[in-house]
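S.K.: Can you look at this prediction? I've put the sequence above it.
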Amino acid sequence: MLRKTLLATAAVLAFASAAAAQDKLKACFVYVGPIGDGGWTFQHDQGRLDVEKAFGDKVETAYQENVPEGADAERVLTQMALSGCKIIFTTSFGYMDATNAVAAKFPDIMFEHATGYKRDSANVSTYNARFYEGRAVTGTIAGRMTKSNKIGYIGSFPIPEVIQGINASFIHAKKVNPDVTMSVVWAYTWFDPAKEADAAKALIEQGVDVILQHTDSTAPLAEAAKTPGVIGFGQASDMAEYKPSPRVSAIIDNWGPYYVERVGALLDGTYAQKDTWAGIGGGEVLIGEITDAVPAEVKAEAEALATSIGDGSYHPFTGPLNKQDGSVWLADGEVADDGTLAGLNFYVEGIEGEIPQ
Amino acid sequence: MIRLEKRPTPSKFWQIATPIVAVVLTMIAGGIMFAILGKNPVEAIRTIFWDPLFNPDFAAYSRPQLLVKAGPLILIAVGLSLGFRAGIWNIGAEGQYIMGAIFGAGAGLAFYPLEAWYIFPLMVIAGAFGGWLWAMIPALLKTHFNTNEILVSLLMVYIAQNILASMSLGLLRNPEGSGFPGSRNLSQYPAASNPELIAGTGMHWGVVAAFVAVIAAYILLQRHILGFQIKLAGQAPRAARFHGVSPTALVLLCMGISGALAGLAGLFEVSGPAGQISIDFNVGYGFTAIIVAFLGRLNPVGILLAGLLMALTYIGGELAQFMLGLPSAAIQAFQGMLLFFLLAVDLLTNYRFRLFTGVK
Amino acid sequence: MDFGSINPFVLVASLMVASVPIILAAIGELVVEKAGVLNLGVEGMMIMGAICGFVTAVETSNPYLGFVGGAAGGAALSLIFAFLTQSLLANQVATGLALTLFGLGLSSLIGQSYVGIKPPLTPEVPFGPLADIPGLGVVLFQHDWVVYFSILLIAAVAWVLKKARLGLILRAVGENHEAAHALGYKVQRIRLLAILFGGAMAGMGGAYISLVRVPQWTDGITAGAGWIALAIVVFASWKPWRVLVGAYLFGGITVLQLNLQAAGSSIPVEYLSMSPYLITIVVLVIMSSGKGRALNAPAALGQNFHASR
């Protein structure tokens, strides 16, 4: 008798919890790397945790790490859709075609693709962050701080986002220090900490005393720490463990506000397809604390720049700007349009070297 | 005292029973690991092994995906197994896979946007050629300069990866992709695409090629003089030479076949499931295929089964990750365990335990 | 092309540091292969060493203990390989690959709470005024102890293999295990010890990456160094000093290509980026051609041994 009741209770409980699970909105995330990368994927996962924090019992999140782009992504997305995810965030450019293909099959599920431009069906939105806005700020600090007038940039692959960063850094370093030159080293890998360290060392050896990096590991900062007077910036995450120097500031990817906004919109029924490209103003790009290793007036200048970018009164790509070959890109006062920026594939005047093609 | 004794012939019973024993042992050891990670072990094991095949929500989709995932593994592993049997160590199939994809996709994209029946066959030939060419480098260096093919084929993988990056950023970049890396998507170019042949089955030309390769290799090894020569060269190189087997020809042949098959796998993948050339196009099939080849005991039918089992752990592992929140690292470790157990219990096929009681 | 702004002394000093993980792992694997065992799991053992070394160093705040921890981690993982291949006679190639898969997974599980931590610093060996000698000081006297250890280790292994009885036994086991067994040597036990040594050295090499080279823990931190170590052993045709040559060649070109980029060289990046692999192959071809039997591989490499009597 007792046993029967217990079983019945268990059944009711099981049913209840299943029902509760169905009431929850399931938000799913696909990551290209491991959460333990301390960079790109780590920051996206922080955004996922923000969603959990913001909505508590109303949402349930799930994620999958290390999903290769291409065929595997398409399968993972389909399986997520079948498992009851209502909104799926795909957090790497390479998921673009897979996202659109799967979205076409599941019109009731919302797809959010990071850093892409294809929105083939109504349920696909895209979002990106204007990291170049942060680069403008760190470029300013770099231009002011360099004593050798040589700054270095460690790039991953020559894709538009990285080229935006190189140009924005250089333009703003040059603006405050006309003598500045920039060396670019391409690591030709997304992830190889040891190689990043070697790249930083090679730059330092060439007399570079400010290192900007577009790769996610702290290896370049650790390398900078070995040589007095060399500084760098945190990338993707704050990298606070290298404060106050060599890490004098950081560009932090902050996806939380966007994720909370989109999941919230889906919860209260105001969700609509859109293309978001927010930056400092939208809170997606944060400038990490500028440490005391930077003189107060430089810090104030950098913060003022960040503020003016944030409130929209200044655009980092404002003319007059020439392309590397000397031809005019932007006339005086002209502002770069998003289309050109999204596909940026040339250096501005003054940067040496060629973009690998 | 317990001793190992070699069986006169491999045990038929244990040949079939060992994989089952291994899977059961893996479930136990893996279950313990999942429990330590704070997950329900029964649920985790069920998600990995059962849900892809029988869960009503997924199975209809996941089951065909087994073929999609296993296809390239099997195709590459069959080719590698011939060389491994002959003592020729091509461990650079990953590079040959990449080059097959680049050549194949390049051949197709050269015709864009022409729609003609001959484009896809040309791509198939180009893909096989790309892989073959990449395998010929270590092969010719071995036959002419006596360099070690393990080293050269492995280093050629890294060179292929650099070429892949350069292709996605340069020559093969989609001119309508607004500056982003990666080629046009071949699945949106009908003459060059490799779609599912029958909707909902997962069968594409690559899977068909894998099955054909399994059958061909089986016949070759069982019936053909060449198969005999390959086996002989591996087991008794000197005897093989007496039988007129030319080591040079064998190296060129085995490396060539494995390279061409790996290239084909790359071509079918880029024109089908993956769709495009991109910087991160390759996902390690060439290396996993080495494991598959040995798990299948270098036997074509064994490779077929081993490829399907590996595919199951990939797909089940994916399900377990997002259904139960298991980190992908746990799945990797779990796959490692499965391989360990499969390799360990294989002992029972060829050996038996004997209890000795002092007198001998 | 502008070589002028690249300081050759600093370049040599950086390649010496850059090559340490590969040297350690490769010399360990060389001993393993000399004993007739092919362990393709170097990458897995390295990354286990990287995390175990990192955890030990962080928890004890002692960078020296970190290397001990790294060696222990690598050796522990290699024990699985030893048990499978030596006791259960499993296929070595497949077991080694499985070991890498397992090691990558396990290291990431262990490392989950160690992301974003700075490990204790491994200091330079103080050579006093020697370090200030122009040129030579940078190359010879401004390194941490592991750099010197890696070179001494090569010397030690070279000496043991050539001169010591232990080396003779090891080679006998690797060349012809039947004969070694007939002479009364415990083939499996000797191979077990060789495998453990290989694991420990790979682990130390991994720890060097997470404690000195980067220094940080992130998933997959070894990024393929284990594979390069395997290639270097073959490149060296199983001769210890050639491991040093191979690792310095490879490490040197890697460092040089980045320096060339930083110095504004006009060589396209993709060619620079593939140059370490390409040049290693070319040098190997030059070294192996024109010789009758250049391969020099241990005769019993990759074959398991079972005493039938």
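M.R.: Thanks, I have the structure now.

S.K.: What's the first helix or strand after the lowest-mean-pLDDT helix or strand in chain C?
M.R.: Lowest on mean pLDDT, DSSP states H and E among the helices and strands of chain C sits helix C:136-140, with a mean of 83. Helices and strands here follow DSSP states H and E; after helix C:136-140, the next one along the chain is helix C:145-163.

S.K.: Enumerate the positions of that following helix that are buried.
M.R.: C:Val146, C:Val147, C:Phe149, C:Ser150, C:Leu153, C:Ile154, C:Val157, C:Ala158, C:Val160, C:Leu161 (16 or more other CB atoms under 10 Å in any protein chain shown). In short, each C-beta sits where N, CA and C put it, glycine included.

S.K.: Stretch A:237-253 too?
M.R.: Quick answer for stretch A:237-253 (16+ other CB under 10 Å): A:237-239, A:242-243, A:245-253.

S.K.: start to end distance for that stretch?
M.R.: 7 Å (CA to CA, to the nearest Å).

S.K.: and it, is it in reach of chain C?
M.R.: Yes: contact of stretch A:237-253 with chain C (CB under 8 Å from any CB of the partner chain) involves A:Ser237, A:Met239, A:Glu241, A:Tyr242.

S.K.: Around chain A, pick out the residues from the stretch 201-350 of chain B.
M.R.: Counting by CB under 8 Å from any CB, the stretch 201-350 of chain B sits next to chain A at B:269, B:272-276, B:278-281, B:283, B:315, B:318-319, B:321-323, B:325, B:327-329.

S.K.: Which members of these occur in helices, if any?
M.R.: With helices taken from DSSP state H, the overlap with those comprises B:Glu269, B:Ile315, B:Glu318, B:Leu319, B:Gln321, B:Phe322, B:Met323, B:Ser328, B:Ala329.

S.K.: wait, isn't the second one in contact with B:Asp51?
M.R.: Read it as B:Ile315. No: B:Ile315 is beyond contact range of B:Asp51, at 9.0 Å (criterion: CB atoms under 8 Å).

S.K.: When the two are compared, which one has more neighbours?
M.R.: Here B:Ile315 and B:Asp51 are compared on neighbour count by other CB atoms under 10 Å in any protein chain shown; more neighbours surround B:Ile315, at 27 against 22.

S.K.: got a list of what that one touches?
M.R.: A:Arg75, B:Pro52, B:Ser62, B:Gln65, B:Leu66, B:Lys69 (CB atoms under 8 Å, 6 or more residues apart in numbering or on different chains).

S.K.: Show me just the buried residues among these.
M.R.: By 16+ other CB under 10 Å, the contacts of B:Ile315 give A:Arg75, B:Pro52, B:Ser62, B:Gln65, B:Leu66, B:Lys69 as buried.

S.K.: related to what we said a few turns ago, which of the buried residues of helix C:145-163 are close to chain B?
M.R.: Within the buried residues of helix C:145-163, nothing lies near chain B by CB under 8 Å from any CB.

S.K.: want to throw these into a markdown table with pLDDT and distance to A:Ala136?
M.R.: Formatted as a markdown table, the buried residues of helix C:145-163 follow (pLDDT from 0 to 100; distance: CB to CB, whole Å):
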| residue | pLDDT | distance to A:Ala136 |
| --- | --- | --- |
| C:Val146 | 94 | 41 |
| C:Val147 | 94 | 40 |
| C:Phe149 | 95 | 46 |
| C:Ser150 | 95 | 44 |
| C:Leu153 | 96 | 49 |
| C:Ile154 | 96 | 49 |
| C:Val157 | 96 | 54 |
| C:Ala158 | 96 | 55 |
| C:Val160 | 95 | 59 |
| C:Leu161 | 94 | 59 |
